[in-house]
Structure formats: structure tokens, C-alpha cells
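Q: Attaching a predicted model along with its sequence, questions to come.
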Amino acid sequence: MSVCIIYHSETGNTRAVAEQVAAASGGDLIGVRDLANYSKVGMYLKGARRAMKGDSADIEPAAIDVSVYETVVVGTPVWAGNPTPAINAAVNTLRGIEGKPTVVFCTSGGSPRKTLDTLKAMLAKRGADVRGAVPLTARDAKKPEAVKPLVDLVRESRKKMAVQ
């Protein structure tokens, strides 16, 4: 049972969660880098504005093939109540996502607002079988007990896949 964890992280919070999920599931990490290379101020001023518009960024890797994985996890920070432009681009470039059990998560300083609903809708539009979503705060990102519901959701998705 193979798991792929795709994430974008500028401050390290989303990466910390992705790493915990990878450690618990034996999954592969794919960090998505926004080629805009925002400064801390630019991330909030320019990046947040682009996130509100639903824009996509130029990213590295430019495309992500998940066809060899059985379960896909996608994680994003919350920028102005939305997924980041880097994650928007990553979802748009996914190959082999059709029918894959998928779990999403976000990290934020407060409320996720519409981030998870937007991300779930984007993935469903691509044909993913979205099985759940977990919001986490920046404080939660470093607490295994707070990340456990996400890990459990990934494990449950893998079990359901094995039964099918």
C-alpha cells in the first residue's frame, strides 16, 4: 500500500505535518516549491492576493505523477482563506489521480475558512475520490496527537482501498 504526500510549505508548518504522515504511513513526500520565491512580506501581500483569486503558480516539480500510488494526501497552508497558488498548480498538474483515494489537510494560524472545501472540489473535479479533510493550526503541526486524526484518515483510506 503506497501513499504519496504532496504539500507546499513556506513556514515549515505544513511540511511538519506532511513528515508526520509520511513517518506513520511509510509514504513518499513530494514538496512543491513556488518558483516566485516569496519573501515573508511578499508571501502575505502578493501570494495571498493570488490565492484569493485562485491563481496557479509556476512550481517545481512542474508535474506530479501519482499513478503508482494507491492513496494520495495533499496539504496546503491557508492563504487568505484559500489553498496556495502552488497547491492549485500541483492539483492542476496531477497525473493519474482519477479514482485515487485522496485525503486533504491544511495548516493555518486560525480558521481554514473555505480552504478545505476549495481543495476537495478541485481534486474531485480532477476525478479524485476525496475521502476526508483535516484542518490543523500552526500549533497542531508539531503535536503528534493533533495530527493523529489525519494519520487515522489516511490509514482508513488505505484499508478501504485494500478491501476493494
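A: That came in fine, so what should we check first?
Q: Next secondary structure element downstream of the worst-scoring helix or strand of the chain on mean pLDDT?
A: Between all helices and strands in the chain, the lowest mean by mean pLDDT, DSSP states H and E belongs to helix 40-42, at a mean of 80. For helix 40-42, the succeeding helix or strand toward the C-terminus, using DSSP states H and E, is helix 48-53.
Q: helices or strands up against that next one?
A: helix 85-93 (3 or more CB pairs under 8 Å, 6 or more residues apart in numbering; DSSP states H and E). The way it works is simple: take the backbone N, C-alpha and C, and place the C-beta from them, glycine included.
Q: which residues touch the helix or strand that comes right after the helix it packs on?
A: Sequence-wise, the next helix or strand downstream of helix 85-93 (DSSP H and E) is strand 94-95. By CB atoms under 8 Å, 6 or more residues apart in numbering, the list of residues contacting strand 94-95 from outside reads 6, 63, 64, 65, 66, 67, 72, 126.
Q: Show me which of the residues you listed are buried.
A: For the contacts of strand 94-95, a burial check counting by 16 or more other CB atoms under 10 Å picks out 6, 64, 66, 72, 126.
Q: can you give me the strands in the chain?
A: Using DSSP state E, the strands of the chain run over 3-8, 28-34, 59-60, 64-65, 71-77, 94-95, 101-108, 129-137.
Q: Now mean pLDDT too, for those strands, in CSV please.
A: Formatted as CSV, these follow (pLDDT from 0 to 100):
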stretch, mean pLDDT
strand 3-8, 98
strand 28-34, 97
strand 59-60, 96
strand 64-65, 97
strand 71-77, 97
strand 94-95, 98
strand 101-108, 97
strand 129-137, 96
